[in-house]
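Colleague: pasting a predicted model and its sequence here:
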Amino acid sequence: MRLCRVIGTVVATRHHPTYDGRKLLLVRPETPDGSKAADAFIAVDRVQAGPGDRVLVLTEGNGVRQLLGADSGPIRSIVAGIIDDLDTPAPRGRAPG
Amino acid sequence: MYLGQVIGTVVAERRIEGLEGHKLLLVQPLDEDERPSGAKQVAVDTVQAGPGDLVVLVGSREAALALEPSFVPVDAAIVGLIDDLQRTDVG
């Protein structure tokens, strides 16, 4: 899963039938410290996320098919969680000597 | 899925089986600021998009699922015509 920030919403009234009733969000991959890691992409929202939220995004077809079942169709990315807190303690170094 | 803009149409009279009858469009993938991001590509259209339209694209295996029930051998498909794209300033 990728760590992303919701940076916008996408409305596409005319769409493939698989997208009926699904909310689309523009999400941008981020590093743990919050800077941009890659160009933004579009994901289907499953957790009522909104602009500014830090989210977990599934970006690979197999997990998406598990979530949506047999009718997953041409959907590849899903917002699967809202991140409340991210803790990245400094890696424990090997003792010198 | 990713953002793109339709920049042209592609005519290919002779095609492999399964691709007949599907419209092919030339698209430019875009980043969040609607600037070009990556190489132009050919995508199969499922929403009657046309040149200039801002669209939702899907790639890889999922693109092939866009034309079900037949599993059509494509690796990019247009699955949405964007009416509105709202950006939020998150710094």
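Modeller: Cool, got the structure. What you are looking at is a predicted structure, and each value in this text was computed from that prediction instead of being measured. Residues are numbered from 1 along each chain as shown, chains lettered A, B, ... in the order given.

Colleague: buried residues of stretch B:83-91, list them for me.
Modeller: Within stretch B:83-91, the residues that count as buried by 16 or more other C-beta atoms under 10 Å in any protein chain shown are B:85, B:88. C-beta: built from backbone N, CA, C; applies to glycine.

Colleague: that one near chain A at all?
Modeller: Yes: judged by C-beta under 8 Å from any C-beta of the partner chain, stretch B:83-91 comes into contact with chain A through B:83, B:84, B:85, B:86, B:87, B:88, B:90.

Colleague: shaky segments in chain B?
Modeller: Scanning chain B for pLDDT under 70 picks out B:68-69, B:91.

Colleague: which residues in it form helices?
Modeller: Applying DSSP state H to chain B gives helices spanning B:60-64.

Colleague: likewise chain A?
Modeller: Remark: helices assigned in chain A by DSSP H are A:61-68.

Colleague: got the contact list for the lowest-mean-pLDDT helix or strand in it?
Modeller: Least confident helix or strand of chain A, by mean pLDDT, DSSP states H and E, is helix A:61-68 with a mean of 82. Applying C-beta atoms under 8 Å, 6 or more residues apart in numbering or on different chains, the contact partners of helix A:61-68 are A:1, A:46, A:58, A:72, A:75, A:76, A:77, A:78, A:80, B:60, B:61, B:62.

Colleague: what's around the last one, how many residues?
Modeller: Around residue B:62 there are 24 other residues, counting by other C-beta atoms under 10 Å in any protein chain shown.

Colleague: point to the residue nearest the middle of the chain.
Modeller: All of this refers to chain A. residue A:57 (2.2 Å; C-alpha atoms, centre = their mean).

Colleague: ah, I was thinking of chain B
Modeller: Nearest to the mean C-alpha position of chain B, counting by C-alpha atoms, centre = their mean, stands residue B:78 at 3.2 Å.

Colleague: does anything pack onto the longest strand anywhere in chain B? Which helices or strands?
Modeller: Of all segments of type strand in chain B, defined using DSSP state E, the longest is strand B:2-10. Applying 3 or more C-beta pairs under 8 Å, 6 or more residues apart in numbering or on different chains; DSSP states H and E, we find strand B:2-10 packed against strand A:41-45, strand B:24-30, strand B:54-59.

Colleague: just to revisit the earlier point, contacting residues around the residue nearest to the centre of chain A?
Modeller: Contacts for residue A:57 (C-beta under 8 Å, 6+ apart) come out as A:1, A:2, A:3, A:4, A:27, A:43, A:77, A:78, A:79, A:80.

Colleague: which ones among those also lie next to chain B?
Modeller: Near chain B, by the rule C-beta under 8 Å from any C-beta, you find A:43, A:77 out of those.

Colleague: which two from the contacts of residue A:57 end up farthest apart in space?
Modeller: The two members of these with the most space between them (C-beta to C-beta) are A:3 and A:78, at 14.4 Å.
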